[in-house]
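> fold the following and give me the result.
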Amino acid sequence: MGGGSESDESAAMVMVESKEWFLCAYAPEGLPTSDHLKMRTRSLSLAVDSIPDQHVVVQVLWISVDPYLRSQMTGFQDGLNLGQFVLDEVIQAFTIGKVIRSKNSNFKEGDLVTNPFSPIAQYYVAPPHFLKRIDPTAGIPLPDYISALGLPGFTAWVGIEVLANAKPGSNVLISAAAGGVGMYAGQLAKLKGCRVVGSTGSDEKVKLLKEELGYDDAFNYHKETNLDAALSKYFPNGIDIYFENVGGKMLEAVLNHVNRGARIPVCGMISQYNQIWTEREGVRNLMNMIGKEVKMEGFLVGSYLDRFGDFGKEMEGYLKEGKIISKHEVYHGIESFLESLGSIFSSSNAGKVVIQVKP
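Numbering: from 1, shown residues only. Next up, the predicted model:
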């Protein structure tokens, strides 16, 4: 939060130059490029009379980069059914920031806050409707507030705790297991006493899952390309819970190995995000769900906000006790947003992708 010199510097600023990312063209398929996403600089006044009543000015420190952002850049409603970003307007993400000006009695300069609908910008002015204050004395690293305690952690918790109703001894498969959501889903399942196996895209990530995140086993789907054989090997007694992050061939293979009454919470299908729906892979064996009485349920965490308090208390306890650990792939500078977004779909990262905007 800084000492006197930082406060004096903040007070002396009247105008700042703020870099921000905006969408200049929709990308219906393939990865967004610099033809779709561009950065610009805008001047922002910090003068008191230029800030609306009850608003605050926030300097962004950390940005969460998540797969769902891709679905808001296609130009049409599909799949996740999230609202599309408006062309030529700054795009949004979950961020951590510091209040540097306040005309709201609930926030003071220096407060650290999260915002799930923050502009991807170095600075912004906003009403505090979605701001949540961070306790800097809690002993939790800042990036965890947009990972373990943010959307990824909450998504994993809803899937494992609420929808899968994980029980001791359950056989659990986590796809995209070394990603921002998967790494928490697997650890939460282990804390419930489950046997957990993860699928991931490199030998390095297999090692991470087994040696650091506590998975019972893991496999590299780029090497073990016969998914049916792989699942027979790792699940000789069948699958009770499949945490679905991927879709496509993996989902089809899983449905050949589910046990009666298996649960499949579906939080994403990252293998399908960059294709229009007519080009996506179909699943041919959905009939298996009937005979095995499988429950497959898609979900958005916005429908479970009434449970966010329960989640936060439980996850914060796990973090402080060292029972849950986080892995972050850190990019530096707001300029790295386009590169960091692309990395999510290339299997080049391990853990939660975040951007440190300001050290």
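
> hey, let's count contacts and neighbours off CA atoms from now on
OK.

> do a quick rundown of the helices in this protein.
4-12, 151-157, 182-191, 203-211, 227-234, 248-254, 288-291, 308-321, 337-344 (DSSP state H).

> between the longest one and helix 182-191, how big is the angle?
With axes from the mean of the first three to the mean of the last three CA atoms, to 10 degrees applied, the angle from helix 308-321 to helix 182-191 works out at 80 degrees.

> what helices or strands is helix 308-321 leaning on?
Secondary-structure packing of helix 308-321 (3 or more CA pairs under 8 Å, 6 or more residues apart in numbering; DSSP states H and E): helix 151-157.

> chain center to the helix it packs on, what's the gap?
8 Å (CA atoms, centre = their mean, to the nearest Å).

> contacts for that helix?
Contacts to helix 151-157, defined as CA atoms under 8 Å, 6 or more residues apart in numbering, come from residues 146-148, 180-182, 184-185, 188, 267, 300-301, 308, 311, 315.

> out of these, which end up buried?
Neighbour counting by 16 or more other CA atoms under 10 Å classes 146-148, 180-182, 184-185, 188, 267, 300-301, 308, 311, 315 among the contacts of helix 151-157 as buried.

> next, the distance between the ends of stretch 250-268.
Stretch 250-268 has its terminal residues 13 Å apart, counting by CA to CA, to the nearest Å.

> quick one: it to chain centroid distance?
The chain centre lies 22 Å from the centre of stretch 250-268; the measure is CA atoms, centre = their mean.

> ditto for stretch 120-128
The chain centroid and the centroid of stretch 120-128 are separated by 20 Å under CA atoms, centre = their mean.

> mean confidence for it?
Across stretch 120-128, the average pLDDT comes to 96.

> report the buried residues of that stretch.
Residues 120, 121, 122, 123, 124, 125, 126, 128 are the ones in stretch 120-128 that count as buried (16+ other CA under 10 Å).

> distance to residue 76 added to these, as JSON lines?
JSON lines is the format used below for the buried residues of stretch 120-128 (distance: CA to CA, whole Å):
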{"residue": "120", "distance to residue 76": "21"}
{"residue": "121", "distance to residue 76": "25"}
{"residue": "122", "distance to residue 76": "28"}
{"residue": "123", "distance to residue 76": "29"}
{"residue": "124", "distance to residue 76": "27"}
{"residue": "125", "distance to residue 76": "29"}
{"residue": "126", "distance to residue 76": "27"}
{"residue": "128", "distance to residue 76": "30"}
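
> may I have stretch 45-65 exported as CSV, CA atoms only?
The C-alpha trace of stretch 45-65 is given here as CSV (Å, rounded to 0.1, in the frame of the first residue of the first chain):
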residue,chain,number,x,y,z
SER,A,45,-8.2,13.2,-15.6
LEU,A,46,-7.7,12.6,-11.8
ALA,A,47,-8.9,16.1,-10.9
VAL,A,48,-11.6,15.8,-8.2
ASP,A,49,-14.2,17.8,-10.1
SER,A,50,-13.8,15.4,-13.1
ILE,A,51,-14.7,12.3,-11.1
PRO,A,52,-18.5,11.6,-10.7
ASP,A,53,-20.0,11.4,-7.3
GLN,A,54,-19.8,8.0,-5.6
HIS,A,55,-17.2,6.9,-8.1
VAL,A,56,-13.6,5.8,-7.6
VAL,A,57,-10.5,5.8,-9.8
VAL,A,58,-8.6,2.5,-9.8
GLN,A,59,-5.1,1.7,-11.0
VAL,A,60,-5.1,-1.9,-12.3
LEU,A,61,-2.4,-4.1,-10.9
TRP,A,62,-3.3,-7.7,-12.1
ILE,A,63,-5.5,-9.0,-14.9
SER,A,64,-7.0,-12.5,-15.1
VAL,A,65,-6.9,-14.0,-18.6
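
> in it, what's buried?
45-46, 51, 55-65.

> which pair of the residues you listed spans the longest distance?
The distance between the two most remote of these (CA to CA) is 28.4 Å, for 51 and 65.

> now the strands for the stretch 1-150 of the chain?
15-23, 37-45, 56-64, 92-102, 112-119, 123-126, 132-133 (DSSP state E, counting those that start in this stretch).

> what helices or strands is the third one leaning on?
Right, the one you point to is strand 56-64. Short answer (3+ CA pairs under 8 Å, 6+ apart): strand 56-64 packs on strand 92-102, strand 123-126, strand 352-356.

> those: which one's closest to residue 37?
It's strand 92-102; of the helices and strands packed on strand 56-64, that one is closest to residue 37 (CA to CA) at 12.5 Å.

> show me the shaky parts of the chain.
1-13, 79-80, 270-278, 280 (pLDDT under 70).

> residue nearest the centroid of it?
Computing the C-alpha centroid of the chain and ranking residues by CA atoms, centre = their mean puts residue 152 first, at 4.0 Å.

> which residue of this structure lies farthest from its centroid?
Each residue of the chain has a distance to the centre, and by CA atoms, centre = their mean the biggest one is for residue 49: 36.8 Å.

> that one and residue 100, how far apart?
Counting by CA to CA - residue 49 and residue 100 are separated by 15 Å.

> pretty sure residue 180 contacts residue 354?
No - Residue 180 lies out of contact with residue 354 (CA atoms under 8 Å); the separation is 9.7 Å.

> for burial, what's the neighbour tally of residue 309?
10 (other CA atoms under 10 Å).

> about what we covered before: closest one to residue 289 out of the buried residues of stretch 45-65, please.
Distances from those to residue 289 were compared by CA to CA; the smallest belongs to residue 65, at 33.6 Å.
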